[in-house]
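[1] from the sequence below, what's the structure:
(2 chains)
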Protein chains: 2
Amino acid sequence: MGKGAVTRQKILEHAVDLARRVGLEGLSIGRLAEDLRLSKSGLFAHFRSKEKLQLQVLEAAAAQFVDAVVKPALTAARGEARLRALFERWLDWTELNARPGGCLFVAASVELDDRPGPVRERLVQLQKDWLDMLAQATRIAVEQGHFRSDADPEQLAHDAYGIALAYHHASRLLRDPKAKKRARQAIESRLRAARRTRRAS
Amino acid sequence: MGKGAVTRQKILEHAVDLARRVGLEGLSIGRLAEDLRLSKSGLFAHFRSKEKLQLQVLEAAAAQFVDAVVKPALTAARGEARLRALFERWLDWTELNARPGGCLFVAASVELDDRPGPVRERLVQLQKDWLDMLAQATRIAVEQGHFRSDADPEQLAHDAYGIALAYHHASRLLRDPKAKKRARQAIESRLRAARRTRRAS
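    Just a heads-up that it's a prediction; the model follows:
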């Protein structure tokens, strides 16, 4: 990376941390310039508008997520093991992002759900991409014979999302010491249900 | 109710709606006075401080939740039917609070998780009370023989919370037309697992 790219990277890392605390709407080029002791006009040259800054912060956070969650999980064997690795890394990500501010995507989901525009659209697309990746990992687990042939990949991805949101809520708001145990138990039950060859009801 | 109580009630209803949109931190006595065309000094006499206003808004929202979710569900038979009724009403509540702003408790959970103080403490207590109510309904379902004796009431309450959060996220942010179907399927699988007498793995 050239010097410009390194500077840009550093600015974006700080902006992601700031957005986790004050929200994407709370971000401002002025505040960033002050925090980083850079000139406001220089930062404007980098980002041009608050909306463009918000979009790049989302991209930077998504790249962090890929590095922390997706890439390491790809070393696990295809199928159930990989799905489990994705989930386990996702919990680590939530923990890593625990304080202050919490996960940017959780905060932005609540912040932007009523704010139409390109930032909301990009956020939705990123979340859908992640749900698709979980569904795709489930499909592979079906192909590999780890899961029942009628396991529903989209439903499993949706359920895993709920388990991760409950973990975020229980660990951050409720400070529940059992939060991680509960998350793991929930995902184990869910994977067991996908594995089960016969339905016992 | 006397005239003062009616006025107070109306103010709080408006304040709850406002807080769902702008957050509890975004609430202000000045903004409320402007919206309702009341005198700011009169409102200060009612609420005395922003923090006291936030606390009363939480209580008002909790009372709405009890009226909309808890009370109607209590007409269902004790046990699994009641637990199912609580969950179904909870989805209705989320739908009812869909736009604009979403559920106050979801928004406040993200807003306040890093803000220590009496408002956060009250929010945590309200959420714990609700989790306890779900756990208690599960315990009754065990006593009635609807659920396995080793069904874990706290885990089931935690899991139901995740399913409701995923519903909020899928319906509000992702605008997923299958959001409700997915939520129902998730809770049905979860209740089935609690019912099952033998573990098939």
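
[2] so where's chain A uncertain?
    For chain A, applying pLDDT under 70 flags the ranges A:1, A:98-99, A:197-201.

[3] ok, longest helix in it?
    helix A:118-143 (DSSP state H).

[4] run the angle between whichever helix or strand comes after it and helix B:153-168 for me.
    Counting by DSSP states H and E, the element after helix A:118-143 in chain order, helix or strand, is helix A:153-168. On the basis of axes from the mean of the first three to the mean of the last three Cα atoms, to 10 degrees, helix A:153-168 is oriented at 110 degrees to helix B:153-168.

[5] returning to what we had before: return the set of buried residues in the longest helix of chain A.
    A:119-120, A:122-124, A:126-127, A:130-131, A:133-135, A:137-142 (16 or more other Cβ atoms under 10 Å in any protein chain shown). C-beta: built from backbone N, CA, C; applies to glycine.

[6] how about stretch A:62-77?
    Neighbour count says stretch A:62-77 has A:Ala62, A:Gln64, A:Phe65, A:Ala68, A:Val69, A:Val70, A:Ala73, A:Ala76 buried, by 16+ other Cβ under 10 Å.

[7] now swap in stretch A:2-9 and tell me
    Buried, per 16+ other Cβ under 10 Å, within stretch A:2-9: A:Arg8.

[8] name the nearest residue to A:Ile163, ignoring sequence neighbours.
    A:Ala186 (4.6 Å; Cβ to Cβ, 6 or more residues apart in numbering or on different chains).

[9] quick one: the one you found and A:Leu165 touch, right?
    No - the pair A:Ala186 / A:Leu165 is not scored as a contact, 11.1 Å apart, by Cβ atoms under 8 Å.

[10] between the helix or strand the residue nearest to A:Ile163 falls within and helix A:118-143, how big is the angle?
    Of the helices and strands defined by DSSP H and E, A:Ala186 is found in helix A:179-195. Calculated by the same axes, to 10 degrees, helix A:179-195 forms an angle of 50 degrees with helix A:118-143.

[11] and helix A:179-195, what other elements does it pack with?
    helix A:80-96, helix A:153-168, helix B:153-168, helix B:179-195 (3 or more Cβ pairs under 8 Å, 6 or more residues apart in numbering or on different chains; DSSP states H and E).

[12] recalculate using a threshold of 6 Å.
    helix A:153-168, helix B:153-168 (3 or more Cβ pairs under 6 Å, 6 or more residues apart in numbering or on different chains; DSSP states H and E).
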